[in-house]
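Colleague: Sequence plus predicted model, see below.
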Amino acid sequence: MAEELRELGFEVVLFSTGDGLLDRVCVEKPALLLANVYLSGMLGVEVCEKIKGDESIPTRVLLIGAIFRADRYRARPTSLYGADGYFEEGLSAEAFRGIVLRALEEAGEPNLSGGEKNQR
């Protein structure tokens, strides 16, 4: 997914813990956040709840689940945690790009064609 985002021209920052992710989002307030529901430390769904509960953070949140693993989250957390979208791992590149671009269009983000570096 990171490579697909880079090909679209986005700056990508990866986190393995929800705590570090939330700290960065609170400071930088990116247009879009993709968070795995199972981050260590603070779960991705908890990060989502905190972001969506803070009106000063306009970040759109897409949660990533893992339908192919029995030990992973299987419910659609969009209604439960306030996420702007949800998708499963293993999505085709085309479908993934469509989800990301649609989320940004819904947020009114200009310049979605890729090409130049997007600070998101």
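Modeller: Sure thing, it's come through.
Colleague: buried sites along stretch 43-63?
Modeller: Within stretch 43-63, the residues scored as buried using 16 or more other CB atoms under 10 Å are 43-52, 57, 59-63. Bear in mind the C-beta positions are built from the backbone N, C-alpha and C, glycine included.
Colleague: I'd like the distance from it to the chain centre, please.
Modeller: Averaging C-alpha positions (CA atoms, centre = their mean, to the nearest Å) puts stretch 43-63 9 Å from its chain's average.
Colleague: per-residue confidence averaged over that stretch?
Modeller: What stretch 43-63 shows for mean pLDDT is 94.
Colleague: okay, it in PDB with CA atoms only?
Modeller: Output of stretch 43-63 as PDB, limited to C-alpha atoms (Å, rounded to 0.1, in the frame of the first residue of the first chain):
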ATOM      1  CA  LEU A  43      -5.100   0.000  18.400                       C
ATOM      2  CA  GLY A  44      -5.900   1.700  15.100                       C
ATOM      3  CA  VAL A  45      -9.600   1.800  16.100                       C
ATOM      4  CA  GLU A  46      -8.600   3.700  19.300                       C
ATOM      5  CA  VAL A  47      -6.500   6.200  17.200                       C
ATOM      6  CA  CYS A  48      -9.500   6.600  15.000                       C
ATOM      7  CA  GLU A  49     -11.900   7.400  17.900                       C
ATOM      8  CA  LYS A  50      -9.500  10.000  19.300                       C
ATOM      9  CA  ILE A  51      -9.000  11.700  15.900                       C
ATOM     10  CA  LYS A  52     -12.700  11.700  15.100                       C
ATOM     11  CA  GLY A  53     -13.500  13.000  18.700                       C
ATOM     12  CA  ASP A  54     -11.300  16.000  18.200                       C
ATOM     13  CA  GLU A  55     -12.800  18.700  16.000                       C
ATOM     14  CA  SER A  56      -9.500  20.400  15.500                       C
ATOM     15  CA  ILE A  57      -8.200  17.400  13.500                       C
ATOM     16  CA  PRO A  58      -9.800  17.300  10.100                       C
ATOM     17  CA  THR A  59      -8.000  14.100   9.100                       C
ATOM     18  CA  ARG A  60     -10.000  11.500   7.200                       C
ATOM     19  CA  VAL A  61      -9.400   8.000   8.500                       C
ATOM     20  CA  LEU A  62      -9.500   4.700   6.600                       C
ATOM     21  CA  LEU A  63      -9.200   1.600   8.700                       C
END
